[in-house]
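Visitor: Give me coordinates for this.
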Amino acid sequence: MYAVLETGSKQYRVSAGDTLEVERLATEAGQPVTFERVLLVNNEGKITVGSPTVASASVVADVVEHIRGEKKLAFKMKRRKGYHKMIGHRQELTVVKIKEIKA
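Guide: Have a look, this model is predicted:
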């Protein structure tokens, strides 16, 4: 059984027991979180597609920890002008472990 859920404007295909990194959630580490925006559920070959979401479907997960992603660098330069600038960014992430899919 798997589901496709949306959080942080991104879509993830998850099964029970999966661990994934999502955009930062406002939930303490060790607390459960429920994802209500479930777009698709596959239950032993029976596929349910929502329009836009599947009614009465949710994904329950535990928040494992809050981390920061890898550093991304953006380099700006204008040739022959002596202008160059380096900008770095680290995304705030939350690690969640999927407990169950309710469909």
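Visitor: what's the neighbour count on residue 89?
Guide: Using other C-beta atoms under 10 Å, residue 89 is surrounded by 10 other residues. Glycine gets a C-beta too; all of them are placed from N, C-alpha and C.
Visitor: Nearest residue to the middle of this protein?
Guide: Centroid-nearest residue in the chain, with C-alpha atoms, centre = their mean: residue 22, separated by 3.0 Å.
Visitor: Residue 98 contacts residue 59, correct?
Guide: Yes. Between residue 98 and residue 59 there is a contact at 6.3 Å, judged by C-beta atoms under 8 Å.
Visitor: mind listing what residue 101 touches?
Guide: Contacts were defined as C-beta atoms under 8 Å, 6 or more residues apart in numbering; by that measure residue 101 touches 1, 2, 3, 14, 15, 16, 38, 41, 57, 58, 59, 60.
Visitor: now do 6 Å
Guide: Applying C-beta atoms under 6 Å, 6 or more residues apart in numbering, we find residue 101 in contact with 1, 3, 59.
Visitor: Distance check, the first one against residue 81.
Guide: Applying C-beta to C-beta, to the nearest Å, the value for residue 1 to residue 81 is 58 Å.
Visitor: more crowded one of these two?
Guide: A count of neighbours by other C-beta under 10 Å puts residue 1 above the other of residue 1 and residue 81, at 13 against 7.
Visitor: if I pick residue 15, what's in contact with it?
Guide: residue 2.
Visitor: Count the residues that sit near residue 73.
Guide: Quick note: residue 73 (other C-beta under 10 Å) scores 8 neighbours.
Visitor: now swap in residue 36 and tell me
Guide: Neighbour count for residue 36, taken as other C-beta under 10 Å: 13.
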